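Q: Structure of the sequence below:
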Amino acid sequence: NLSYGYTVFQFWTMADASTIDCALMIEWLNKQQSVTKTGKWKSSTLSLIRNEFREIYLQAKVSAAILKFRLENVNVHKKFISEGKATITFHAHPAVLYISNAPASQLLLFLKTIFIKMSSSKSSPKVPLREQLLSNKNRVVQEISPINTKDIKRVSIAKETSATIQAGALKRKSVSEKQNVQGNKKQCTELLLKEKLTAEQREVMDAVKQGVNIFFTGSAGTGKSFLLRHIIASLPPDRTVATASTGAAACLISGTTLHAFAGMGSGEATLQRCIELARRPQVISNWKRCKHLIIDEISMVDGKYFEKLEKVARIIKGVDKPFGGIQLIVCGDFLQLPPVVPRNTPQTQKFCFQFHVWRICNFQVHQLVKVHRQLDNHFINILNNIRIGNVTKEVTDSLMSTASRPLSSQDIVATKLCSHNQEASRINTFELSKLEGAERRFVAEDSNTAASKMLDDQTPVDSVLVLKTGAQVMLLKNINIAKGLVNGARGVITTFSKDGFPVVRFISGVELTVRRETWIAKSASGSLFNRKQLPLKLAWAFSIHKSQGLTLDCVEISLSKVFEAGQAYVALSRAKSLESLRIVDFDPKQVWADAEVLKFYSRELQRSS
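A: Numbering: from 1, shown residues only. Below you'll find the model as predicted:
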């Protein structure tokens, strides 16, 4: 069903809102609602049009035919819109349109356009059928005009907002829904404003539409994953595969891991064996349908694996072009965490860009510059210097001055970022054992226990979470952005509610009873599995690797055990601000950038400018 506050339409870019390409199935029904005829098309174009009497129709161009359906007395079902699917049921002239493989963002915009145009036409005078039949007007069919202020005003003064488009009018809302209309409008507006792309992000989107291979990069907090989600929503779901080098990164873009999609194991086997693995029925079908391959966190993909992946793609697709003609959209920052490579691999050859395959892909390179995570220009400047290994006296003085900064607030202590996962786990277990009181165990509810290992890898929450009153915790999902209840927010458990859930006081001062949330993971075949668990994690300590993608509002860092280029930068860039950061042992020698990466960026960005 469709329900949108009218004010949100003021923030849309309305280009192409009245036309969409998709796969289509149509069922024609008789009066008894039985199917009399069915048509299926892998490719079709849906358009919104008007006739000479300003009546709105949905026009479907399928093969050599043009079909028209009057937009009145219809129901729209959009539960699976994120998968590019929707259903429109026409009651006046019984038919059902099943839309699939539509770019999700375009489909949402298309359905919203239907909603507002139908709502707007509600107030327009209707021409009686007899008058239409006797009319001397020339038959005219034209594309519907973009949404304008007149449409918005008509909707704004409508007495009711629709939950379902029906009978040319709209179903009445329940009393409780009426009371929430203003709140819903505000949330929708804030959501659309929040999702507005910057000029540099729009440049990347335009390049994606051209079909060229794209590599876009940027420092931490420049909105790379955010932009990827927009790109994914703009592409046909059935032909697009969203992957990432790690399960955590895949979860952020609702994708799967690159290894799971490729189906060739670790890639250490011979090329022939990798091809055999990729020819397994389920794996090869994924490769065959893939026309757009997205890879997030490309910096953590082993270059040898990437090289073998290209050869497998070329052979499986049967096309003698890089990656078998698949459009590559890769994203990441090579100045952050490097790939984990086999011990016998020379350390001089580990990044994807160091292999011939990178050059033949002929990537169009884009750099995102605007930082969104941090707002303090002084701190942003410090991070930009740390990223390239440039530790000036000013940078050193600023970071060393944080050593004595008190960060504890209302029993909330700073999270220690550690170089190793085992160290962080040991600290959390030890600190929890020191607390008095009974343990509370929360076991995740998985939709399929056979998928538990995959859910462990691709969701940020544990299968079993053990808590006590007084436990330091971190929020792992955006609950209420306006109140500071965002992914990475720190808090402490003050008690447990009557129904057994933890009550957490966050650093913002807000106290909340935290209940189960749902995470969805996608398998390589496209199957969806979900895990319901508390969106919390013990937060006395966290590993630098696990912190990627988080913004922390209370963090303590020790750099003495840093062992990789970029690790210090990743740790420091997790902090929301310089004021939320304490470094206990800053040493400029622990900060360095990989020389080969610096050369690569200098060369590529110069070439693309």
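Q: Contact partners for residue 205?
A: Contacts here follow Cβ atoms under 8 Å, 6 or more residues apart in numbering; on that basis residue 205 touches 197, 227, 230, 231, 234. Glycine gets a C-beta too; all of them are placed from N, C-alpha and C.
Q: That one and residue 506, how far apart?
A: Separation of residue 205 from residue 506 (Cβ to Cβ, to the nearest Å): 35 Å.
Q: Which strands or helices does the longest helix along the chain pack on?
A: Taking DSSP state H as the criterion, the chain has its longest helix at helix 104-121. Packed against helix 104-121 by the contact rule (3 or more Cβ pairs under 8 Å, 6 or more residues apart in numbering; DSSP states H and E) you find strand 19-29, strand 35-50, strand 56-62, strand 74-77, helix 149-156, strand 165-166, helix 224-234.
Q: Same list, those, but as CSV with distance to residue 538, mean pLDDT and mean neighbour count please.
A: Shown next, in CSV, are the helices and strands packed on helix 104-121 (distance: least, Cβ to Cβ, whole Å; pLDDT from 0 to 100; neighbours: other Cβ atoms under 10 Å):
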stretch, distance to residue 538, mean pLDDT, mean neighbour count
strand 19-29, 45, 92, 19
strand 35-50, 49, 91, 16
strand 56-62, 52, 91, 18
strand 74-77, 41, 90, 19
helix 149-156, 48, 56, 16
strand 165-166, 48, 42, 21
helix 224-234, 24, 91, 20
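Q: Mind putting those into a markdown table with distance to residue 250?
A: Shown next, in a markdown table, are those (distance: least, Cβ to Cβ, whole Å):
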| stretch | distance to residue 250 |
| --- | --- |
| strand 19-29 | 25 |
| strand 35-50 | 28 |
| strand 56-62 | 35 |
| strand 74-77 | 28 |
| helix 149-156 | 39 |
| strand 165-166 | 36 |
| helix 224-234 | 11 |
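Q: To residue 518, which of these lies closest?
A: Residue 518 lies closest, by Cβ to Cβ, to one member of the helices and strands packed on helix 104-121: helix 224-234, at 17.6 Å.
Q: From residue 267, how far off is the nearest residue to residue 327 once chain neighbours are set aside?
A: Computed as Cβ to Cβ, 6 or more residues apart in numbering, the closest residue to residue 327 that is not its neighbour in sequence is residue 292, at 4.9 Å. Going from residue 292 to residue 267 by Cβ to Cβ gives 22 Å.
Q: same question, residue 485
A: According to Cβ to Cβ, residue 485 and residue 267 sit 40 Å apart.
Q: now swap in residue 573 and tell me
A: Separation of residue 573 from residue 267 (Cβ to Cβ) stands at 29 Å.
Q: of the two, who's got more company?
A: Per other Cβ atoms under 10 Å, whichever of residue 573 and residue 267 has more neighbours is residue 573, with 26 against 21.
Q: The nearest residue to the more buried one once chain neighbours are set aside - how many residues pack around it?
A: Spatial nearest neighbour of residue 573, excluding adjacent residues (Cβ to Cβ, 6+ apart): residue 220 at 3.7 Å. By other Cβ under 10 Å, the residues close to residue 220 number 21.
Q: any idea whether residue 220 is helix, strand or coil?
A: The assignment at residue 220 comes out as coil when based on DSSP: H, G, I helix; E, B strand; the rest coil.
Q: How much space separates it from residue 19?
A: For residue 220, the distance to residue 19 (Cβ to Cβ) stands at 38 Å.
Q: same deal with residue 316?
A: Where residue 19 is concerned, residue 316 sits at a distance of 34 Å (Cβ to Cβ).
Q: Equivalent analysis for residue 260, please.
A: Residue 260 sits 35 Å away from residue 19 when distances are taken as Cβ to Cβ.
Q: Over to residue 254?
A: 26 Å.
Q: and what of residue 259?
A: 38 Å.
Q: can you check residue 459 too?
A: Note on residue 459: its distance to residue 19, by Cβ to Cβ, is 37 Å.
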